[in-house]
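K.L.:
with the sequence up front, the predicted model follows.
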Amino acid sequence: MLKKINYLLLLCLCIVSCQKEKKQDPFEISYNRIGNLTNTVKVKQLDSIYANDSVVRLSKTDRFLSATNTIEIYEKGGAKLLALEPREENDPESSIESIQVIDSRYKTATGLSANSVFKDIKDNYAITKINNTLSTAVIFVDSIQASIAIDKKELPSELRLNTDKKIEASQIPDTAKIKHFLISWDEH
C-alpha cells in the first residue's frame, strides 16, 4: 500500500513538473497589463520588451505635436501598435501613465478591442461613468482601467451639440464604434 502511495506521489510530481508554464499573450489586455507591458515597467525597459518591434520617442519639436512625451510602438512591418505616455518627460526611470491601444489585436479576455462597438462594452463591463465632451462620449470602465471614446457623430442628434447634457448608456447605440481606447495606470 505504501509503495502505491509513493508511486502516485511520484507520478503526480512528474506530471506537475513537466507541465509548461503558460506563456503571456503579447496582445492580452488585463488589469495592470497589456501584453508584456505592465504598470511597473520603466521607460528604459521598453527597448528590450519590444526588441522585435520599433520604439519611437517623439519630442516637443517632432512635427509640432501637442503630445510632447509620446512613445510609439510599431511592428517591424510598420503597423502602429500602441502610443505610450510616461509619467515624467525624458526620464528613463519613469513608469508608463497611459497607453492608447491602436492595434485591434490587443484584446481583453471578453474580446474588447480598438475595433469593438459599444455593445461589447455594455455586455461585458460595468460602466463607471460617462463624460460628455465637445466631440466624444468618454466611457470609463474601472475594472480594466480604460477610458473609451465614442465619436458624438455615432450618438443621437440631441446629444451631439450639447456638452451639458448627461449621456446615459441607454442612449448610446449598440453599434457605436470605438474612436479611442485608452488605458490609464495609477502611479502605485
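P.N.:
Everything's here; your move.

K.L.:
what's the burial count for S143?
P.N.:
Using other Cβ atoms under 10 Å, S143 is surrounded by 13 other residues. C-beta: built from backbone N, CA, C; applies to glycine.

K.L.:
one more: L112?
P.N.:
L112 has 24 nearby residues by other Cβ under 10 Å.

K.L.:
quick one: contacts for the closest residue to V101 other than its chain neighbours?
P.N.:
Spatially, and ignoring its direct neighbours in sequence, V101 is nearest to F181 (4.2 Å; Cβ to Cβ, 6 or more residues apart in numbering). Counting by Cβ atoms under 8 Å, 6 or more residues apart in numbering, F181 touches Q100, V101, S113, A114, S116, A146, I148, A149.

K.L.:
tell me which element F181 is part of?
P.N.:
strand 180-184 (DSSP states H and E).

K.L.:
can you tell me which of the contacts of F181 is nearest D174?
P.N.:
S116 (11.0 Å; Cβ to Cβ).

K.L.:
measure the nearest residue to that closest one once chain neighbours are set aside to Q145 for me?
P.N.:
Excluding the flanking residues, the one nearest S116 by Cβ to Cβ, 6+ apart is I178, at 5.4 Å. Relative to Q145, I178 is positioned 16 Å away (Cβ to Cβ, to the nearest Å).
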